[in-house]
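J.: I need the structure of the sequence given here:
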Amino acid sequence: MISPSEYIQLKAFARQDGFFLGCLWIFTLGCFIGSMSDSPLQIGFIAGVITTPIMMYRLLKRYRDRIIGGNISFKRAFCFVALMVVYAAIILAAATFIYFYFFDDGAFMSHMQQQMAIPQIRNSFTNAGMDVKMLDEQLGLLSQSRPVDMAFSLFCNSTFTGFIAAAVIALIGKKTQPKTSEGLR
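T.: Have a look, this model is predicted:
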């Protein structure tokens, strides 16, 4: 069990590291959106996706080794990474809302609809066993989404997948001292 002051410290460092993770996610989202018109940006998107769990582990390791003295339980590691993910998801949701409200003006959905109109893409969906008419309906519903809907959806998805990653990263990053014969840590 950690003391209230240690919990405050954990939240403060999770907030700080969540900012850095959120910046990576904003970069990744920007590369994803930009890759629709400029294909080389897909490399930035893929790099951001691959870098995310590595960065999460490194930030946990830095917190464990430099701040709390090298030992961290699974619960504390999970709490740190989960809070970091929540703070990063809030930053990403705010950036998503700002982008779709002020800058997008329907360009994202327009590009998605243009891509779905390409016969080769429609055929690939049909060959995969998907109903193209259902995909068109889903795209139509998505195009009716407001910026706040897009931001909330991205927040929920980021938080959910981040919690799953937090459990794995906490298992990898936990480090406890073995108990001595006297039972002291």
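J.: what is the burial count for D104?
T.: 16 (other Cβ atoms under 10 Å). Bear in mind the C-beta positions are built from the backbone N, C-alpha and C, glycine included.
J.: give me the pLDDT value at it.
T.: At D104, the model reports a pLDDT of 91.
J.: over to F108?
T.: At F108, the predicted lDDT confidence score is 89.
J.: surely it and I33 touch.
T.: Yes: counting by Cβ atoms under 8 Å, I33 is a contact partner of F108 at 6.3 Å.
J.: list the buried residues in the longest helix belonging to the chain.
T.: Criterion DSSP state H: the longest helix present in the chain is helix 4-34. By 16 or more other Cβ atoms under 10 Å, the buried positions in helix 4-34 come out as 10-11, 13-14, 17-18, 21-22, 24-33.
J.: stretch 163-170 now?
T.: In terms of neighbour count (16+ other Cβ under 10 Å), stretch 163-170 has its buried residues at 165-166, 169-170.
J.: just the ones in helices from these, please.
T.: Per DSSP H, the subset of the buried residues of stretch 163-170 in helices is 165-166, 169-170.
J.: now render those as CSV, adding distance to Q177 and pLDDT.
T.: Listed next are these as CSV, based on distance: Cβ to Cβ, whole Å; pLDDT from 0 to 100:
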residue, distance to Q177, pLDDT
A165, 26, 97
A166, 23, 97
I169, 20, 97
A170, 17, 96
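J.: which two in those residues are spaced the farthest apart?
T.: Largest separation among those by Cβ to Cβ: A165 and A170, giving 9.4 Å.
J.: show me the residue at the heart of this structure, geometrically.
T.: Closest residue to the average C-alpha location of the chain: S158 at 4.3 Å, with Cα atoms, centre = their mean.
J.: tell me which element that residue is part of?
T.: Per DSSP states H and E, S158 falls inside helix 147-173.
J.: mind giving me the packing neighbours of that helix?
T.: The contact analysis (3 or more Cβ pairs under 8 Å, 6 or more residues apart in numbering; DSSP states H and E) places helix 147-173 against helix 41-62, helix 74-98.
J.: mind putting those helices in TSV, distance to T126 included?
T.: Shown next, in TSV, are these (distance: least, Cβ to Cβ, whole Å):
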stretch	distance to T126
helix 41-62	24
helix 74-98	31
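J.: where in this protein is pLDDT low?
T.: 178-185 (pLDDT under 70).
J.: what do you get if the cut-off is 50, keeping everything else the same?
T.: The model of the chain has pLDDT under 50 over residues 183-185.
J.: and of the helices and strands packed on helix 147-173, who's closest to V132?
T.: helix 41-62 (23.9 Å).
J.: please identify the buried residues of that closest one?
T.: Per 16+ other Cβ under 10 Å, helix 41-62 contains these buried residues: 41, 44-45, 48, 52, 55-57, 59-61.
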